[in-house]
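1. this is the structure alone, sequence omitted:
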């Protein structure tokens, strides 16, 4: 193998690692799955938009989960309590 081939393989490897890190940073799959299992309906797109807008995703999702477990139904758009 020549030096250029090794460089290309290393660059592809580092680029792949960076792309995976970027994917998991902007798409909080763990938080989405936790919400899904808890019965909170939230889409991955909403979580990504919250991340881009620098909204604390974990605080909001954990609050929605806690309120759902307490028997309250919160609307994410207007934050009004429905009973």
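-> Looks like it arrived, so ask away. Because the structure is a prediction, the values reported are computed rather than measured. Numbers count the residues shown, from 1 in each chain.

2. am I right that residue 64 is in contact with residue 40?
-> Yes - using CB atoms under 8 Å, residue 64 is in contact with residue 40, at 4.7 Å. Using the backbone N, CA and C atoms, a C-beta is placed for each residue, glycine as well.

3. mind showing which ranges of this protein have poor pLDDT?
-> For the chain, the stretches with pLDDT under 70 are 1, 75-83.

4. ranges for the helices of it?
-> 3-26, 29-38, 44-52, 57-69 (DSSP state H).

5. including mean neighbour count, could these go into JSON lines?
-> JSON lines is the format used below for these (neighbours: other CB atoms under 10 Å):
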{"stretch": "helix 3-26", "mean neighbour count": "10"}
{"stretch": "helix 29-38", "mean neighbour count": "14"}
{"stretch": "helix 44-52", "mean neighbour count": "15"}
{"stretch": "helix 57-69", "mean neighbour count": "16"}
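
6. quick one: the residue positioned nearest the centre of the chain from residue 21, how far?
-> For the chain, the residue sitting closest to the mean C-alpha position, by CA atoms, centre = their mean, is residue 28 at 1.8 Å. Computed with CB to CB, to the nearest Å, the distance linking residue 28 and residue 21 is 13 Å.

7. and the residue nearest to residue 28 when sequence neighbours are not counted, how far from residue 19?
-> Once flanking residues are discounted, residue 28 sits nearest to residue 47: 5.2 Å by CB to CB, 6 or more residues apart in numbering. Residue 47 is 19 Å from residue 19, where distance means CB to CB.

8. what do you get for residue 44?
-> Residue 44 is 17 Å from residue 19, by CB to CB.

9. cool, and residue 42?
-> Using CB to CB, we find residue 42 at a distance of 25 Å from residue 19.

10. same check, this time on residue 4
-> With distances taken as CB to CB, residue 4 is found 22 Å from residue 19.

11. can you check residue 6 too?
-> With the distance defined as CB to CB, residue 6 ends up 20 Å from residue 19.

12. ok, residue 55 next?
-> With the distance defined as CB to CB, residue 55 ends up 24 Å from residue 19.

13. and what of residue 5?
-> From residue 5 to residue 19 the distance is 21 Å (CB to CB).
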